[in-house]
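>>> Build me a structure from this.
(one chain, ligands or ions: 2)
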Amino acid sequence: MAVAPLVVTIGDPNGIGIEIISKAWMQRDLNNLPVFFLLGNVKTIEHYLKSTGIAVPFLEIASPADAANVFSKALPVLSLEGSNSVAEEIILSIRRGTEYCLSGEASALVTNPIQKKRLYDTGFSFPGHTEYLASLTGVTDQAVMMLACRELKVIPATIHVPLNKVPALLSADLLTHVISTAHRDLNYRFGIANPRIVVAGLNPHAGEDGSIGTEEVDIISPAIKNLQQSGMDVKGPFPADSLFHKAARGKYDAAICMYHDQALISIKTIDFDGGVNITLGLPIIRTSPDHGTAEDIHGKGIANPTSLIEAMKIAAEIASIAND
Ligand SMILES: NC(=O)c1ccc[n+]([C@@H]2O[C@H](COP(=O)([O-])OP(=O)(O)OC[C@H]3O[C@@H](n4cnc5c(N)ncnc54)[C@H](O)[C@@H]3O)[C@@H](O)[C@H]2O)c1
Ligand SMILES: N[C@H](C(=O)O)[C@H](O)COP(=O)(O)O
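Ligands and ions are numbered 1, 2, ... in the order given. Got it, this is the predicted structure:
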């Protein structure tokens with residue numbers, strides 16, 4: 001049976017999404033990319049390409065199944081009608097792409113970056129794709145964000161929340177959920193038989209036995225002990241500042257972090273171009289480049305497509321594991 005194509009959302013047209021998917025298509029053979037199609041309003045895409053001078057051939061398709069027929073000649077575009085604004089188009093692209101994955105017409109969802117505030121301003125009530133996709137796919141527990149490059153996988157336990165709210169949001173239940181989801185998906189989605197997971201502390205020096213903060217003693221250690229008793233290879237809490245150097249990285253498969261920047265600074269520093277965002281705990285496969293909309297370079301023709309290309313490769317790898 002033919003493998004279903006990847007569906008790539010339009011992301012924010014004021015950013016670099018259409019540029020990087022065009023470049024990814026142009027480099028498809030070099031990178032041995034699977035068939036993919038772009039989901040967005042064809043007029044938006046036409047306007048973007050004309051105004052930025054990107055010369056990529058594209059062809060409209062009527063359904064995901066047509067992508068394979070045109071992929072060698074042009075970037076397949078499945079046009080989305082029915083949106084009245086850019087924000088509606090961005091959201092519709094994510095929703096329709098998810099539906100194609102749920103129906104099996106697409107093998108995985110690869111999302112182009114969104115400018116979150118633009119969506120919040122129109123009443124979009126989800127912090128980001130991660131939470132929106134959980135809602136669209138009927139997942140009632142918190143979906144889990146993982147960023148991965150070839151050398152490191154990091155998972156923030158709390159995501160898009162103000163830093164001063166993090167301590168109150170941390171609980172043994174939350175950590176148990178995040179670590180168990182990571183453990184299950186590292187096994188089931190990535191084929192790691194017995195994932196080695198480490199957990200960062202929240203405070204400097206992981207709290208120094210309760211003298212520089214008590215979250216490690218009160219919340220993080222008890223959650224780790226419970227998970228160890230259930231047989232998982234989970235260790236910590238470790239001081240976050242020394243968890244990401246080369247030798248430390250070699251000792252684990254994934255690091256659980258307490259907040260967004262603790263996790264993402266490490267990976268975006270080690271491999272900004274090759275980092276990929278993967279949502280765990282969903283019934284569909286979703287990946288995304290690790291970078292944002294990069295509006296400061298919109299239309300300049302200098303956007304690097306590597307992270308999107310890696311996101312496509314990882315999505316295809318996970319889909320092939322799921323099909324085995
Ligand atoms: N997956 C997503 O939807 C996602 C991820 C991260 C950030 N964002 C959103 O993106 C917006 C901008 O965020 P930011 O400024 O913090 O980060 P950013 O990643 O958009 O940009 C940071 C810097 O890196 C550069 N850069 C990013 N990607 C690049 C690429 N492919 N090639 C060359 N240079 C690149 C930018 O030009 C900028 O100088 C925010 O609204 C944020 O919410 C979305
Ligand atoms: N925090 C992510 C990053 O900086 O890469 C990003 O905003 C993506 O979040 P969603 O996948 O939930 O949109």
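
>>> measure the closest residue to ligand 2 within the stretch 101-250 of the chain to Ile20 for me?
The nearest approach of the stretch 101-250 of the chain to ligand 2 comes at Gly128, 2.6 Å away (Cβ to the nearest ligand atom). From N, CA and C alone the C-beta is placed, and that goes for glycine too. Distance, Gly128 to Ile20, using Cβ to Cβ, to the nearest Å: 19 Å.

>>> Comparing these two, which shows the higher neighbour count?
Just comparing Gly128 and Ile20: by other Cβ atoms under 10 Å the higher neighbour count belongs to Ile20, 25 against 20.

>>> ok now do the closest residue to Asp209 other than its chain neighbours, which residues does it touch?
Counting by Cβ to Cβ, 6 or more residues apart in numbering, Val217 is the residue found nearest to Asp209 once chain neighbours are left out, at 7.3 Å. Val217 sits next to Gly207, Asp209, Gly210 when contact means Cβ atoms under 8 Å, 6 or more residues apart in numbering.

>>> any chance of these in a markdown table, plus neighbour count?
A markdown table is the format used below for the contacts of Val217 (neighbours: other Cβ atoms under 10 Å):
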| residue | neighbour count |
| --- | --- |
| Gly207 | 21 |
| Asp209 | 10 |
| Gly210 | 12 |
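
>>> I'd like to know which of those residues is nearest to Lys300.
For these, the closest approach to Lys300 (Cβ to Cβ) belongs to Gly207, at 45.5 Å.

>>> What parts of this protein come near ligand 2?
Contacts of the chain with ligand 2, taken as Cβ under 6 Å from any ligand atom, map to Gly128, His129, Thr130, His260, Leu264, Asn277, Ser288, Asp290.

>>> Try it again at 8 Å.
Within the chain, the positions near ligand 2 by Cβ under 8 Å from any ligand atom are 111, 113-114, 116, 127-133, 145, 147, 156, 159-160, 260, 264, 268, 275, 277, 279, 288, 290-292.

>>> Just the residues you listed: which are in strands?
Counting by DSSP state E, the part of these found in strands is Met145, Leu147, Pro156, Asn277, Thr279, Ser288.

>>> can you pick the most crowded of those?
Among those, Ser288 has more neighbours than the rest - 28 neighbours, counting by other Cβ under 10 Å.
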